[in-house]
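1. pasting the sequence and the predicted coordinates here, then a few questions.
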Amino acid sequence: MDIQEFIRRYDAALESAGLSNRKATEMAGVKEDTTRNPRRKGTTPDTLSVVKLARVLQVAPSYFLEPLGITPEALGLAIQSPDNAPHNDEEIALLQIWRRMDEDQRRSWLLLLERGLNSSAA
């Protein structure tokens with residue numbers, strides 16, 4: 001179990017979402033102590049609260065639960081992440097940006113990315 005990694009991931013997701021801890025916990029309907037106590041006391045946060053926060057921050061609950069030792073394997077489940085699931089902080093940040101864009105912004109961004117890839121391949 002790695003409380004510090006949970007805190008690091010949580011802070012990165014907060015920053016990516018542009019939310020304060022207070023706002024995120026309020027939106028999730030959980031107490032601020034859910035994230036304060038791991039910092040102050042090194043205690044494991046309540047699992048259901050962590051899942052609610054993950055939903056608010058638009059990350060997979062497993063992203064926060066894995067450092068706490070709560071994995072599908074630990075629960076006796078044989079669940080595999082799909083290949084298209086985000087695997088790191090950068091992919092999660094990109095996905096959150098994508099979700100905030102409207103359709104025109106997405107098309108423009110894709111064109112820019114394709115042009116950049118094509119010019120570097122040439």
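-> Cool, got the structure. Keep in mind that what you see is a predicted model, and the values were worked out from it rather than measured.
2. give me the neighbour count for Thr47.
-> 13 (other CB atoms under 10 Å). In this view, the C-beta of every residue, glycine as well, is placed from N, C-alpha and C.
3. against Arg100, how distant is the closest residue to it other than its chain neighbours?
-> Nearest residue to Thr47 in three dimensions, chain neighbours excluded: Ile70, at 6.3 Å (CB to CB, 6 or more residues apart in numbering). In this view, Ile70 and Arg100 are 29 Å apart by CB to CB, to the nearest Å.
4. try Asp46
-> Taking CB to CB, one finds Asp46 at 29 Å from Arg100.
5. how far away is Ile3 from Thr44?
-> Counting by CB to CB - Ile3 and Thr44 are separated by 7 Å.
6. contacts for the biggest helix by length in the chain, please.
-> Longest helix in the chain, counting residues (DSSP state H): helix 103-121. The contact list for helix 103-121, computed with CB atoms under 8 Å, 6 or more residues apart in numbering, reads Trp98, Met101.
7. try it again with 10 Å
-> Applying CB atoms under 10 Å, 6 or more residues apart in numbering, the contact partners of helix 103-121 are Leu94, Ile97, Trp98, Arg99, Met101.
8. just to revisit the earlier point, comparing Ile70 and Arg100, which residue is more hemmed in?
-> Applying other CB under 10 Å to Ile70 and Arg100 shows that Ile70 carries more neighbours, namely 18 against 10.
9. name the residues contacting each of Ile3 and Thr44.
-> Asn37, Pro38, Leu68.
10. center of the chain - which residue?
-> For the chain, Val59 is the residue whose C-alpha lies nearest the centre (CA atoms, centre = their mean; 3.3 Å).
11. which ones are touching that residue?
-> Arg9, Tyr10, Ala12, Ala13, Ser16, Ala17, Leu53, Pro86, Asp89, Ile92, Leu95, Gln96.
12. and if you look at Gln58?
-> Contacts of Gln58 by CB under 10 Å, 6+ apart are Ala13, Ser16, Ala17, Ile92, Leu95, Gln96, Arg99, Arg100.
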